[in-house]
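Visitor: 3D model of this:
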Amino acid sequence: LQFDESGGGLVQPGGSLTLSCEASGERLDEFVLGWFRQAPGKEREEVSCINLGSSYTKYGDAVKGRFAISRDNAKNTWYLQMNNLKPEDTGVYYCAADRFKADRPTKCPVDAMDYWGKGTLVTVAA
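Guide: Here you go, the predicted model:
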């Protein structure tokens, strides 16, 4: 399973970006999908998570109300819509997938995701 991440870049505070992560090599229907980020000098953190059927989504406190995760299984792709971006949102954003596990059907543990993208840089600055 490999991922092609796109959508990062430089944006002014208050602006928007949409990150995409397209998978190849296997269908995503049986994977819980997530987005993570790592700011300079900080640990990688969970940004958002979405379950198999898109019936459950989770967001980190710092991005609630501003970011939205979605998935399109037909396109084998998932997305992170980021609105009202702030300088503190700057970092490398990673997509990740976790093969469905019955004991954590709606979780995206940062230390246990099965597959990771290479990351895309998001810079929020005036």
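Visitor: contacts, neighbours, all on C-alpha from now
Guide: OK.
Visitor: partners of the helix or strand harbouring Ser70 in the sheet?
Guide: In this structure, Ser70 sits in strand 67-72 according to DSSP states H and E. Applying DSSP bridges to the sheet, strand 67-72 is found paired with strand 77-82 (antiparallel).
Visitor: Show me which residues of the strand it pairs with are buried.
Guide: Residues of strand 77-82 classed as buried by neighbour count (16 or more other CA atoms under 10 Å): Thr77, Trp78, Tyr79, Leu80, Met82.
Visitor: And for stretch 97-110?
Guide: Ala97, Asp98, Arg99, Phe100, Pro105, Thr106, Lys107, Cys108, Val110.
Visitor: can you check stretch 83-98 too?
Guide: Quick answer for stretch 83-98 (16+ other CA under 10 Å): 83, 85-86, 89-98.
Visitor: repeat for stretch 19-29
Guide: Buried, per 16+ other CA under 10 Å, within stretch 19-29: Leu19, Ser20, Cys21, Glu22, Ala23, Leu28, Asp29.
Visitor: who's in contact with the helix or strand where Gly34 lies?
Guide: Assessed by DSSP H and E, Gly34 sits inside strand 31-38. With CA atoms under 8 Å, 6 or more residues apart in numbering as the test, strand 31-38 has contacts from 44-52, 78, 80, 91-100, 105-108, 110.
Visitor: Quick check: what element follows it along the chain?
Guide: strand 45-50.
Visitor: Can you get me the start-to-end distance on stretch 64-74?
Guide: Using CA to CA, to the nearest Å, the end-to-end distance of stretch 64-74 comes to 27 Å.
Visitor: Mind checking the pLDDT average for that stretch?
Guide: Average pLDDT, stretch 64-74: 97.
Visitor: ok, and for that stretch, which residues are buried?
Guide: Applying 16+ other CA under 10 Å to stretch 64-74 flags Phe67, Ala68, Ile69, Ser70, Arg71, Asn73 as buried.
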